[in-house]
Every structure is written in structure tokens, then in C-alpha cells.
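# Based on what follows, work out the 3D shape:
(chains A and B)
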Amino acid sequence: MTTTLERGAPETYDLPTRVSLADTFSQTMTLAWRATVKMRRSLEVMFDVTIQPLIFTAMFAYIFGGAISGDVGSYLPLIIPGLIGQTVLTACVATGVQLRTDLDSGVFDRFKVLPIARIAPLAGPMVADMLRYFIAAVLTFTVGIAIGYRPGGGFAGVAGAVLLAVIAGWSLAWIFTFFGLVGRNAQGVQGISLLVMFPLTFLSNAFVPTDTMPRPLEAFAEVNPVSLVITALRDLANDGQVTSAVGWALLGCAVVVGIFAPLSVRRFKKM
Amino acid sequence: MNSPNQQPAVRATGLVKQFGDHRAVDGIDLEVQRGEVFGVLGPNGAGKTTMLKMLATLLPIDGGTGQIFGHDVSAEPHLVRQLIGVTGQFASVDENLTATENLWLFARLQGLGRTEARQRGAHLLEQFDLTEAASKPISAFSGGMRRRLDLAASLITRPPLIFLDEPTTGLDPRTRGQMWDTIRELVTEGSTVLLTTQYLDEADQLADRIAVIDHGRKVAEGTADELKSSVGRSTLQLQLVDAADLAATADLTEQLLGEAPAITPETRRVTVALQRTDQSVDLLVALRDRGVAIESVTVQKPSLDEVFLALTGHDTGEDAGTEDAGDAADPTTPTHQMEASR
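Residues are numbered from 1 along each chain as shown, chains lettered A, B, ... in the order given. Okay, here's the model as predicted:
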């Protein structure tokens, strides 16, 4: 879709009326490149995926370990995948807040007047953020292993879990991208996002087995996509098995994307 | 159906934008021909930028239609976006990237290959005199450099129509002059330009035709000269060498032109409105015959400031003092005077 037109007398017959899938992909990757350049220049956006896993992993393991599983060592197979889910979700909140900040700068209006796919300015930064989810997952596993976690799934299982965490992060980030588009300013987006993130994290099987919860909460926790993902992470990392839980997790992610990606694009088009 | 090639660059009919109870744009008709610079002049809040945003597919159109080279803005936004370049306070570059990175980003997004994108970026940086600042962060850019980069970024695909939203607002006079030169160059290369401005002298300097917008409505349209002559006559101003001649000059002026002049003794000045510009010659000849020594003569058309005041009943909201000072130092003022006395 290179538009090299004669000035003054544009021949508009052969201009495409929509963006091809290949162009959409290339535009998304170009905007992902922009996001990684921004990340390199402001490394403080990496705090939530570096410092947080380091502190939270040790903290949660030692504080809750005894109470929930009797001792820290037997809590680790439960909590490490749970914390990965939690950390990735926190990183998703930053994706939405970052988007809001970006939307308020003039450059987004320029993106909007370019003949590019409407989804590209939203999806680009999200692709770049997969790097952050990757860092979060790897660091959490590393800290876990350092304090005594021995994943039964071995290297392949852990690698599979990291991959799933990255995919899940990208999918769940669409929820927060939508809030990023709806919110009036970065603080507002942060506020709504935390309000959504906490129930999603705590009404899940991340920290405690769901059967200890009252019935209605348990029912929610069972279908919570975060729970589905965490169960799959446990199966992969602890047992090295691609169980049906992995399928359910991917399905849950697909449902989230199926709902929030079109909502976000529609919202973005109207802005 | 008309071939797109015969269509004007911009055609807007009854354009409306409603923000709650407020009609920011209230039924504007506009037609911009190919290859011309069309100026939309109006004070802050007149609806200029809103109108531009609608035509640039950035804001939904609430009423009326907008067409770019015959393509409906609401129905074919993707096609319209391939035909326009937009530079303004609302569409800027990415402050987190360097100038080179910005141009590369926008070139790649618009489908240029890697090598092509790099070459085009380097070429534009050179053309806009930004090569030395190519790898500096944008935050270190001066206002003028920033505007030039904004403009460069919207010219990557050489769009046939360029929207410029207040291209020089906030720039110092020297930088403003440089920006004007850049815009003039664009036009000689064949682009059509639709620009908004709140500076009367900017519209006067750059635009072939001007639409005056106030409170979301178009109150006048025409060339700068047409607008000026629509509201008033030229004035002749004489400065005498000797204050003693003032009374005699005033008498003679009244005799010849049938109108009593205004006299400013402090500056030895006589000012009178002219029915026709050539009347000034009659008066000057008569004064020479009487031996009245004249220090300076100016024939002046009404300024666009006066046009604006006459059309809208209020001024442009600019600091009048600054504007006057700018005019006095403006080397183009004598041009108008020469035109007027022709």
C-alpha cells in the first residue's frame, strides 16, 4: 500500500479501501518496535516485572506457606504458578495505563490519520509488553527455584509454562486496554484497573485452593480465566503435562480476546 | 459519476459538529481547489480545528458531508487517509523517539520498505534542515524544529492534500517566517494546502483564498484583497516636512477630494479616505505645484484586522499592540501600499 501519488492530481482509483492482513501485521510489529524503544528509554516501566516478582515470591512463600500447606516447601508448587499469574496480571494493568498516557499525547492522533489498521496502535504496544510478561514469568521461576522449588515438569515444563504465561498476559491485557480507552486519564484507568485486577487475582486459585471459599465465590473462581491459566501453569510446570487444563486456559484467553479486542477497537474508532 | 480527478481537493457542505449543547461547527460550506492554499481564519474557539479534524477523519461528522478529492470522509475514511497529510497541534510526533526514529516509524507504517524508509527519512531531515538534530531527543528541540519535524512527518508519502492546523502558533517571528517559506515551497511543488490560522498576516501572506470563521459559521470568503475592499476604502497618509503647511494642505485636500482630512500636528500628518486610489496622484501633484514639501506618502488598504472587526463585530482576540508592532516591522507592508497605489 505504498502510496506514491502524483501531486495535485491524485489517481484514486487503485487505492485500497481497507488494510490487508499482512499490512496489519507489519504495522503492529512496527508499533511494537516503537514500544520497545520507549521501554529502553524509561526502564522504570520494568519495575513491576522485576522488583515485584523478586519481593512477592519470597514474601508470599514465607508468609502463607506454613498456614496453607503446612510448610514453605510444599506450598511452592502451588504458589509459584499462582504468583506468575498474579504478576502477569499486574503487568497487564500497566499496559492499559501506559496506553492512556499515550492516547493523551499528540502522536496517537497522527496514528489515527494514517491509513493503517485501527487495531495496530492498540496491538503494537501489547506485543511489546509480551517481553515484560516473559521477564516476570522467568524471574518468578528463578526466585522460586532459588528458595527451594523443584518443578517436576523439568525444563520443558517450565518453558511451556512461561510460554503460556506470555500468551495469557497478552490476552488478559485486552481487558485493561479496553479500560485504558474508556478511562478519562491515567489515574482513573489505574483506579478502575486495580478494582478489576484484585477480584480477578484473589477470587482465583492463585494463593489458596478454591474449595476453601464459600460456594458463590468458588463458582466464580472456577471459571475465572486467571484460575484456568494458573491451573494450566501448574500442570505444565509441576507435571510437565499438556493437560485439558491447558486447553481450557487457552479457551478462556480466546474468550477474553474475543470480547475485549472488538470492544476496544470499536471504542478506539469512536474516539 | 464524476471522475475523481475533476473533483476539488476539499468539498464540505453544511458541515456540523455538535458537542452537547454547543455547536462547534454550524453548517460550514467549503470548497478548496487543487493546487491552492486555502486559509481558514478565525479566533480561538471559532471551530477551525474541529472542522479540520472532521475533514481529516479524526472526528465523526454530525451533519452535512465532507469530500476529499471526491471521496466521502465518513464512507471511505481509509481512502481519504491515503490522500492527506496532517500537521497540527493535535497530530504531532512521538516525543520518546529521535527525529530519525520518528520518520522511520511513520514511513514504515505507511508501507515503505526498510531501505526506502531510511532514505526518505534522511532526505526529509535534510530538506527541513534537521540533519544535525537527527539523533537528538525531541525534548531538546526548539519550537521551530519541532514544527518542521511535524511537517516532515506528514510529507513522507507526498500526500496531494496537506492540512496545517495553526502551523506557526507560538513561534517567534523569525521562526514563523522560516515556516512560511517552507509552506510556500510545498505549494510550488504542487500540493494543495488547507491551513487554519488566527493570525491575519499569516492568512494574508500564504493563502490564495480565505474563509473567515466565527462561532462555527463562515462569515466571509474571498481573496485577501477582496475581503479588504469589501469592508472599506483605502486611506492616504501624508507626512509633511513643515508643520506650517498643515492648514493649507488640509484645505487643498478638502477642495480636491471633497472630504475633510484628519490632522495630527505632532507628527505633521494628514490622513484622508480615498474614493479611488488614483485621487492620491491629483492631490500630490497639486501639493507640488504649491511648493509643499512632503516627507512621506502611504496609501493603505484596510488591514485584515479591520476586515475581521467589520465582519464579526469583535477583534481576533490577539493582543492588538503586538500585532501592530509586528505590522510596522513587517517588510511586506510596503508591498500592499504599492499594490494599493497602482
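
# From now on I want contacts and neighbour counts done on CA atoms only, so please keep to that.
OK.

# how does chain B divide up, domain by domain?
B:4-228, B:232-341 (automatic domain parsing).

# just how off-centre is the first one within its chain?
Relative to the chain's own centre, domain B:4-228 is displaced by 12 Å; criterion: CA atoms, centre = their mean, to the nearest Å.

# now do the last one
Averaging C-alpha coordinates over domain B:232-341 and over its chain gives two centres that are 25 Å apart (CA atoms, centre = their mean).

# Repeat that for stretch A:168-175.
4 Å.

# Restrict it to CA atoms and write it as CSV.
Taking Å, rounded to 0.1, in the frame of the first residue of the first chain, the C-alpha atoms of stretch A:168-175 are listed here in CSV:
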residue,chain,number,x,y,z
ALA,A,168,-2.2,-15.3,28.8
GLY,A,169,-0.7,-11.9,29.5
TRP,A,170,-1.3,-10.7,26.0
SER,A,171,-4.9,-12.0,26.1
LEU,A,172,-5.8,-10.6,29.5
ALA,A,173,-4.2,-7.3,28.6
TRP,A,174,-7.1,-6.6,26.3
ILE,A,175,-9.3,-6.2,29.3
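
# buried residues in stretch B:260-268?
Using 16 or more other CA atoms under 10 Å in any protein chain shown as the test for burial, stretch B:260-268 gives B:Ala260, B:Pro261, B:Ile263, B:Arg268.

# Near chain A, which residues of chain B? Just list them.
B:4-5, B:34-35, B:56-60, B:69, B:76, B:78-79, B:81-83, B:86, B:89-94, B:96-97, B:105, B:108-112, B:157-161, B:189-192 (CA under 8 Å from any CA of the partner chain).

# switch the cut-off to 6 Å
Contact residues (CA under 6 Å from any CA of the partner chain) of chain B with chain A: B:34-35, B:78-79, B:81-82, B:90-94, B:109, B:111, B:157, B:160, B:190-191.

# so what strands line up beside whichever helix or strand B:Lys218 is part of?
Using DSSP states H and E, B:Lys218 sits in strand B:217-222. Applying DSSP bridges, strand B:217-222 is found paired with strand B:209-214 (antiparallel).

# Would you mind listing the outside residues contacting the strand it pairs with?
Contact partners of strand B:209-214, identified using CA atoms under 6 Å, 6 or more residues apart in numbering or on different chains, comprise B:Phe38, B:Gly39, B:Val40, B:Leu41, B:Gly42, B:Ala46, B:Lys218, B:Val219, B:Ala220, B:Glu221, B:Gly222, B:Thr223.

# Just the CA atoms from that strand would do, formatted as PDB, please.
The C-alpha trace of strand B:209-214 is given here as PDB (Å, rounded to 0.1, in the frame of the first residue of the first chain):
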ATOM      1  CA  ARG B 209      -8.300  32.400  -0.700                       C
ATOM      2  CA  ILE B 210      -9.500  32.900   2.800                       C
ATOM      3  CA  ALA B 211     -12.600  31.800   4.700                       C
ATOM      4  CA  VAL B 212     -13.400  33.800   7.800                       C
ATOM      5  CA  ILE B 213     -14.900  31.600  10.500                       C
ATOM      6  CA  ASP B 214     -16.600  32.800  13.700                       C
END
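
# pLDDT on that strand, on average?
For strand B:209-214, mean pLDDT rounds to 92.

# ok so, going back, deepest of the domains of chain B, which one?
domain B:4-228 (a mean of 20; mean count of other CA atoms under 10 Å in any protein chain shown).

# Quick check, pLDDT for the nearest residue to A:Ala128 once chain neighbours are set aside.
Spatially, and ignoring its direct neighbours in sequence, A:Ala128 is nearest to A:Ala32 (4.9 Å; CA to CA, 6 or more residues apart in numbering or on different chains). In the predicted model, A:Ala32 carries a pLDDT score of 95.

# so where is the stretch 151-271 of chain A shaky, pLDDT-wise?
Along the stretch 151-271 of chain A, the model assigns pLDDT under 70 to no residue.

# ok, back up a step: nearest to B:Arg146, out of the buried residues of stretch B:260-268: which one, please.
B:Arg268 (46.8 Å; CA to CA).

# surely that closest one meets B:Ala243?
Yes. Contact criterion CA atoms under 6 Å: B:Arg268 and B:Ala243 qualify, at 5.4 Å.

# what's the spacing between the closest residue to A:Phe179 other than its chain neighbours and chain B?
What sits nearest to A:Phe179 in space, not counting adjacent residues and going by CA to CA, 6+ apart, is A:Val189, at 6.2 Å. Here the criterion is CA to the nearest CA, to the nearest Å. By it, A:Val189 lies 22 Å from chain B.

# on that earlier part again, hey, least reliable of the domains of chain B by pLDDT?
Looking at the domains of chain B, the bottom one is domain B:232-341 with a mean of 72.

# pLDDT on whichever strand or helix holds A:Ala123, on average?
Assigned by DSSP H and E, A:Ala123 falls within helix A:120-146. Throughout helix A:120-146, pLDDT has a mean value of 93.

# circling back to that earlier point, what are the buried residues along the host helix or strand of the residue nearest to A:Phe179?
Using DSSP H and E, A:Val189 maps to helix A:186-202. For helix A:186-202, burial by neighbour count (16+ other CA under 10 Å) applies to A:Ala186, A:Val189, A:Gln190, A:Gly191, A:Ile192, A:Ser193, A:Met197, A:Leu200, A:Thr201.
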